[in-house]
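K.L.:
sequence isn't available, so here's the structure alone:
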């Protein structure tokens, strides 16, 4: 065992008894290289993080430029910092008009924590409605609104006044009432195995929230920034949330998140009490510079426009007879098999072939594919060939 691997297993907190344990040396584009020089084709993107690939030169340049100016100088909201302001302005440009005011945080679960606090503060209501099989994060508030009971049971009691409704079933929306502060939903359920709601359900949900004065929160932490073939998944349904939460791909590989709403809603965090939501490192200037550069890359290289075509190609090439179902939108795929043991073996076999795939927390009989959006058609063909070979060897 190498020295670094020994440190990893003995001094880095472990959350599983079987990590992939690749000893990473460097990463570039769609590839990760280990300390022995072996190249892995990354079909996961750090779970939908590296949408523009690893170490994009424009992002690296922006990081270095900001590092040379300053890093952390003050807690969030006290000093005017160019990278924060420019990022917030750019986000307002690419989002609908009512999503014009950004609170920058460090991660997805923090974004969801801030969003539910904002909704409770703005409405003066306590009830939160979420959906079965959802995933919103691992901190206490985010875990409370997550629909995976196996992950929640050891950490109860969690937040009170939370209801979980069946996903994509309009007949249950009568549960939303004047007591409901907010409804939080993934417009595409990610960890549930890429579950896509019907369009009418999303329209009905928007109307019910508007009728009751409940704020509609879209958790786009996994789907945002092109993953589904549009900048944001809500665009597939022609509905707009009152609050959106973002993270993962936002930073081009750097840790950053945000919850975004209308200024008139967000302003309630500044009084009764003042400092209604605070963070030390949220909106870190280096991470903001990386995020702005990431958006610029996506705009300049027209990355989003090519995602759906690439996703269709990948889906069409995964054609082994043992596949029960493929659920896909854009370059976000769940490949389903008979049981979880088969999936575990396929993921392991793919890794042996230099292809990084991964499983879902809540959907054990499927594995996920979410490659960098910059992947070429030739690279898709190669990856699909190797995945099919791995499936055949396992079956």
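P.N.:
That came through fine. On a predicted model such as this, the values are computed, not experimentally measured, just so you know. Numbering: from 1, shown residues only.

K.L.:
what about stretch 118-138, distance to the chain center?
P.N.:
17 Å (Cα atoms, centre = their mean, to the nearest Å).

K.L.:
and that stretch, what's buried?
P.N.:
Across stretch 118-138, burial judged by 16 or more other Cβ atoms under 10 Å covers 118-123, 125, 127-131, 133-137. C-beta coordinates here come from the backbone N, C-alpha and C atoms, glycine included.

K.L.:
mean confidence for it?
P.N.:
What stretch 118-138 shows for mean pLDDT is 97.

K.L.:
how far does that stretch stretch from start to finish?
P.N.:
Start and end residues of stretch 118-138 are separated by 19 Å (Cα to Cα, to the nearest Å).

K.L.:
next one: stretch 219-226
P.N.:
14 Å.

K.L.:
contacts for that stretch?
P.N.:
Identification of contacts with stretch 219-226 by Cβ atoms under 8 Å, 6 or more residues apart in numbering yields 47-48, 51, 108, 111-112, 134, 136-137, 184-188, 190-191, 231-234, 244-250, 257, 294-295, 298, 303-304, 307, 330, 332, 373.

K.L.:
hmm, residue 288 and residue 62 touching each other?
P.N.:
No: between residue 62 and residue 288 there is no contact under Cβ atoms under 8 Å: 9.5 Å.

K.L.:
can you tell me the SS state at the residue nearest the centre of the chain?
P.N.:
In the chain, the centroid-proximal residue (Cα atoms, centre = their mean) is residue 222; its distance is 1.9 Å. Classification of residue 222 using DSSP: H, G, I helix; E, B strand; the rest coil returns coil.

K.L.:
so where's the stretch 101-250 of the chain uncertain?
P.N.:
For the stretch 101-250 of the chain, applying pLDDT under 70 flags no range at all.

K.L.:
picking up where we left off before, which ones among the buried residues of stretch 118-138 map onto strands?
P.N.:
127-131 (DSSP state E).

K.L.:
dump those into TSV; add distance to residue 167 as well.
P.N.:
Below are those laid out as TSV (distance: Cβ to Cβ, whole Å):
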residue	distance to residue 167
127	18
128	16
129	12
130	10
131	4
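
K.L.:
rounded mean pLDDT for the longest helix seen in the chain, please.
P.N.:
For the chain, the longest helix by residue count, based on DSSP state H, is helix 377-394. Here helix 377-394 scores 98 as its mean pLDDT.

K.L.:
so how far is residue 368 from the residue nearest to the centre of the chain?
P.N.:
10 Å (Cβ to Cβ, to the nearest Å).

K.L.:
who's in contact with the nearest residue to residue 263 once chain neighbours are set aside?
P.N.:
Residue nearest to residue 263 in three dimensions, not counting chain neighbours: residue 101, with 4.1 Å by Cβ to Cβ, 6 or more residues apart in numbering. For residue 101, the contact set (Cβ under 8 Å, 6+ apart) comprises 88, 92, 260-263, 265-267.

K.L.:
what does residue 395 give?
P.N.:
320, 322, 342.

K.L.:
got the contact list for the second one?
P.N.:
Contacts for residue 322 (Cβ under 8 Å, 6+ apart) come out as 337-338, 342, 391, 395.

K.L.:
out of those, which end up buried?
P.N.:
Neighbour counting by 16+ other Cβ under 10 Å classes 337, 342, 391 among the contacts of residue 322 as buried.

K.L.:
wait, the last one sits on residue 323?
P.N.:
What it means is residue 391. Yes: the pair residue 391 / residue 323 is scored as a contact, 7.4 Å apart, by Cβ under 8 Å.

K.L.:
for the longest helix of the chain, what is the distance to the chain centroid?
P.N.:
25 Å.

K.L.:
this structure: helices as residue ranges?
P.N.:
Counting by DSSP H, the helices of the chain are 3-11, 45-48, 57-69, 82-94, 108-123, 140-144, 149-152, 199-212, 263-266, 285-300, 307-317, 340-352, 377-394.

K.L.:
out of the ones you listed, deepest packed?
P.N.:
Comparing the helices of the chain by mean neighbour count (mean count of other Cβ atoms under 10 Å), helix 108-123 comes out on top with a mean of 24.
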